[in-house]
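Engineer: Predicted model and sequence follow; I will ask about them next.
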Amino acid sequence: MRLTIVGCSGSYPGPESAASCYLLEAEQGGRTWRILLDLGNGALGQLHRYADPLVVDAVFLSHLHADHCLDLCGYYVMRKYHPTGPQPRIPVWGPDGTADRMARAYDLPVDPGMHEEFDFKAYDGRVEVGPFVVEARQVVHPVTAYALTVTAGGRTLVYSGDTGPCDELDEVAQGADVLLAEASFQTVDVNPPDLHLTGADCGRTAARAGVGRLVLTHVPPWHDPAVAEAEARGEWSGPLEVARAGATYEI
């Protein structure tokens, strides 16, 4: 499968990137299947650079903070009012309450909200979409949040979503070909618990899990990504890079 970084800025869109959004593509049955992991603010516009948003097959939200889900509002408008006509419903997986959260975000009545455009589903076991198998594991964050494991063609990507260090992330990351891990915090700061990872946390997780490659993401605009990279390199000797908008990875 191919990973494209649509947006990787932490907490809000930055000068170089939209907020969190990751496009995965894989072939099956003579066509390309496409799913999105998160659709944070600013990401929908950037998605046009890499794929027609109308050919996306499903969206998977790690949690319901704005920098991971808010552009579902624009996506709703696009699918409802596109000049070619209303588009078929596509599935959107997320935490319980996703449909109501998105209706409130766009000031819609909960019924029908966005239900005519999206088929909202709460995580409950493994999900298959074309060649992709997606599994969600709850991690630690102030709101219900999930790490997402995506497998296709015998290869595995683990996306941390937003999380503090936890056993659950270590467990799902075991043996992943790529660990896409958020590095929002710096070790030198006094950081609140159970919120985000430092670059060093990401490196330690990669080392414990024996992953094939570590990609750091979700660095907020007020931090220097080079610091996150240096911290991670102090804990992890394997392949490592910092995500940038537009980068692609063959997994």
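Structural biologist: Sure thing, it's come through.
Engineer: And residue 56, how far from residue 36?
Structural biologist: Look at residue 56 and residue 36: by C-beta to C-beta, to the nearest Å, they are 6 Å apart. From N, CA and C alone the C-beta is placed, and that goes for glycine too.
Engineer: who has more neighbours, those two?
Structural biologist: More neighbours surround residue 36 than the other of residue 56 and residue 36, with 26 against 19 (other C-beta atoms under 10 Å).
Engineer: Which pLDDT value goes with residue 203?
Structural biologist: Per-residue confidence (pLDDT) for residue 203: 98.
Engineer: tell me which element it falls in.
Structural biologist: For residue 203, the element it lies in under DSSP states H and E is helix 199-209.
Engineer: Show me what that helix is packed up against.
Structural biologist: Where contact means 3 or more C-beta pairs under 8 Å, 6 or more residues apart in numbering; DSSP states H and E, helix 199-209 is packed against helix 167-173, strand 178-182, strand 213-217, helix 225-233.
Engineer: picking that back up, any common contacting residues for residue 56 and residue 36?
Structural biologist: Contact criterion C-beta atoms under 8 Å, 6 or more residues apart in numbering; residues shared by residue 56 and residue 36: residue 47.
Engineer: Test my guess that residue 62 contacts residue 146.
Structural biologist: Yes - counting by C-beta atoms under 8 Å, residue 62 touches residue 146, with 5.3 Å between them.
Engineer: who touches both of these two?
Structural biologist: By C-beta under 8 Å, 6+ apart, the residues touching both residue 62 and residue 146 are residue 161.
Engineer: Helix, strand, or coil at residue 110?
Structural biologist: The three-state label given to residue 110 by DSSP: H, G, I helix; E, B strand; the rest coil is coil.
Engineer: Next one: it, what pLDDT does it get?
Structural biologist: pLDDT at residue 110 comes out at 97.
Engineer: And residue 171, by the same measure?
Structural biologist: 98.
Engineer: Ends of stretch 90-101, what's the gap?
Structural biologist: 17 Å (C-alpha to C-alpha, to the nearest Å).
Engineer: So what touches that stretch?
Structural biologist: Here stretch 90-101 has contacts from 56-61, 63-64, 69, 72, 79, 110, 113-115, 118-123, 127, 129, 134, 136, 143-146, using C-beta under 8 Å, 6+ apart.
Engineer: Filter those down to the buried ones.
Structural biologist: 56-61, 63-64, 69, 72, 79, 113-114, 118, 120, 123, 127, 129, 134, 136, 144-146 (16 or more other C-beta atoms under 10 Å).
Engineer: wait, what's in contact with residue 5?
Structural biologist: 17, 22, 217, 243-248.
Engineer: do you know how far it is from residue 98?
Structural biologist: 23 Å.
Engineer: quick one on the thing from earlier: give me the subset of the contacts of stretch 90-101 lying in strands.
Structural biologist: Using DSSP state E, the members of the contacts of stretch 90-101 that fall within strands are 58-60, 118-122, 127, 129, 134, 136, 145-146.
Engineer: do you know how far residue 29 is from residue 251?
Structural biologist: 20 Å.
Engineer: ditto for residue 144
Structural biologist: Taking C-beta to C-beta, one finds residue 144 at 27 Å from residue 251.
Engineer: same thing with residue 75?
Structural biologist: Distance, residue 75 to residue 251, using C-beta to C-beta: 25 Å.
Engineer: Who has more neighbours out of these two?
Structural biologist: It is residue 75, of residue 75 and residue 251, that has more neighbours when counted by other C-beta under 10 Å, with 25 against 19.
Engineer: Can you tell me, leaving aside adjacent residues, what's nearest to that one?
Structural biologist: Once flanking residues are discounted, residue 75 sits nearest to residue 44: 5.6 Å by C-beta to C-beta, 6 or more residues apart in numbering.
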